[in-house]
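> predicted coordinates and the sequence they were generated for:
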Amino acid sequence: MSNFNSFFDNIGYSALLGVFGDAGVYQSVLGGGTISCEVVITEDVVLEPTAYDSNTVTNGTVLEALVSDVGDVAIGDTFVVGSTTYTCKKELENNGKVLKWVVHG
């Protein structure tokens, strides 16, 4: 692994979220305590259906967070950022470091 990749894997993601992210609180539908985290909210993302060809697209909101902060996220889990509660609807990506979910908020 290159020095850059090693740095980015160990420091880069959290540093970027610390600069570009917003403070949030994560809550699992399974209960337990809340977890403070940094998230990136991107609105008006073009979402295309998966598993089949379609010309249908819609816009939605995508939330990104560090797996090391929140662990496994499930449908129905929530993130509160400011005064908005975002509910997780569909996982788009989880590379073991950063997760991306379509959220409704």
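Structure received.
> helix or strand: which one has D72?
For D72, there is no helix or strand it lies in under DSSP states H and E.
> mind checking the backbone torsions on it?
phi -80, psi 130 (degrees, to the nearest 10).
> per-residue pLDDT of it, please?
pLDDT for D72: 91.
> how about the strands in this structure?
Taking DSSP state E to define them, one finds strands in the chain at 22-27, 35-47, 58-66, 78-81, 84-94, 98-104.
> for the ones you listed, give me CSV that also has mean neighbour count and mean pLDDT.
Every residue, glycine included, has its C-beta placed from N, CA and C. Converted to CSV, the strands of the chain look like this (neighbours: other CB atoms under 10 Å; pLDDT from 0 to 100):
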stretch, mean neighbour count, mean pLDDT
strand 22-27, 18, 94
strand 35-47, 14, 90
strand 58-66, 18, 92
strand 78-81, 20, 97
strand 84-94, 15, 96
strand 98-104, 19, 94
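> now these as TSV including distance to D72?
TSV is the format used below for those (distance: least, CB to CB, whole Å):
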stretch	distance to D72
strand 22-27	11
strand 35-47	12
strand 58-66	12
strand 78-81	14
strand 84-94	9
strand 98-104	9
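> my guess is G96 meets V67, correct?
Yes. Using CB atoms under 8 Å, G96 is in contact with V67, at 6.2 Å.
> looking at these two, which is more packed in?
Higher neighbour count among G96 and V67: V67, with 15 against 8, using other CB atoms under 10 Å.
> that one: what's it in contact with?
94, 96-99 (CB atoms under 8 Å, 6 or more residues apart in numbering).
> ok, of those, which one's closest to N59?
Proximity of those to N59 (CB to CB) peaks at L99, which lies at 20.3 Å.
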